[in-house]
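Student: This is the structure alone, sequence omitted:
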Ligand code: ZN
């Protein structure tokens, strides 16, 4: 059977968005999953999301929130909303779940595809890639033709040709041979590109097509869970504006 990859990340404990994405994956005939990290943080269902992602048995890389939650990271310099939800998440997870998160790799290459949460240019410091210059620093470390990432929560394509790197708005396309691509798949659980719909990407290695998916989900239900958990109101509000 031909393979079809679903690449998803920045789920951020949003079970309502994750379930809709997985239903869509089934409808699209996905055979393999890849996860670009940040399973937890920001939303109110870390355990449920972890159980589902672990159940997929797929490669997962370490996101900064996965790292902060499962390490002794001092939160003094964090913004108060981020720190509050990291503390809260630490209190929800079992020892086994913490150990799982703490042991995620920062970079993973599987079936000729590389995964990283932020950038391969020092992946443990979680720098943001918003422009072609930041992508250029990443490309000097990318060996495979294709690498997927997340972290900014904004879907985007970076293309490296001989001597130049380009930033291209996320759009469905067919990978040309002989170039390298660094593709941001957007965020399942907290999109920030002004579109509140859940985001993920599909990749068909046979046809070389990359497809960006956006899906409506029950934002009000996710907001309700945040409020019931007593997490900062700002985290509920931002879901409906996608920022
Ligand atoms: Zn994130």
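Tutor: That came through, no problem. It should be emphasised that the depicted structure is a prediction, and the values quoted were computed from it without experimental measurement.

Student: Near the ion, which residues of the chain? Just list them.
Tutor: Along the chain, the residues adjacent to the ion under the rule C-beta under 5 Å from the ion are 10, 38. C-beta coordinates here come from the backbone N, C-alpha and C atoms, glycine included.

Student: all strands for the chain, in order.
Tutor: Taking DSSP state E as the criterion, the chain carries its strands at 5-8, 32-35, 107-110, 113-116, 146-149, 156-161, 164-169, 173-174, 180-184, 198-204, 209-215.

Student: now these as TSV including mean neighbour count?
Tutor: As requested, the strands of the chain are arranged in TSV below (neighbours: other C-beta atoms under 10 Å):
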stretch	mean neighbour count
strand 5-8	27
strand 32-35	22
strand 107-110	16
strand 113-116	24
strand 146-149	24
strand 156-161	19
strand 164-169	13
strand 173-174	12
strand 180-184	24
strand 198-204	25
strand 209-215	17
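
Student: These: which one's closest to residue 66?
Tutor: Across the strands of the chain, the minimum distance to residue 66, taken as C-beta to C-beta, is reached by strand 32-35, at 10.2 Å.

Student: related to what we said a few turns ago, pipe the strands of the chain into a markdown table and attach mean pLDDT per row.
Tutor: Supplementary listing: the strands of the chain in a markdown table, determined by pLDDT from 0 to 100:
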| stretch | mean pLDDT |
| --- | --- |
| strand 5-8 | 98 |
| strand 32-35 | 98 |
| strand 107-110 | 98 |
| strand 113-116 | 98 |
| strand 146-149 | 98 |
| strand 156-161 | 95 |
| strand 164-169 | 93 |
| strand 173-174 | 93 |
| strand 180-184 | 97 |
| strand 198-204 | 98 |
| strand 209-215 | 97 |
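
Student: quick one: which of those is nearest residue 85?
Tutor: Checking these against residue 85 by C-beta to C-beta gives strand 198-204 as the closest, at 18.9 Å.
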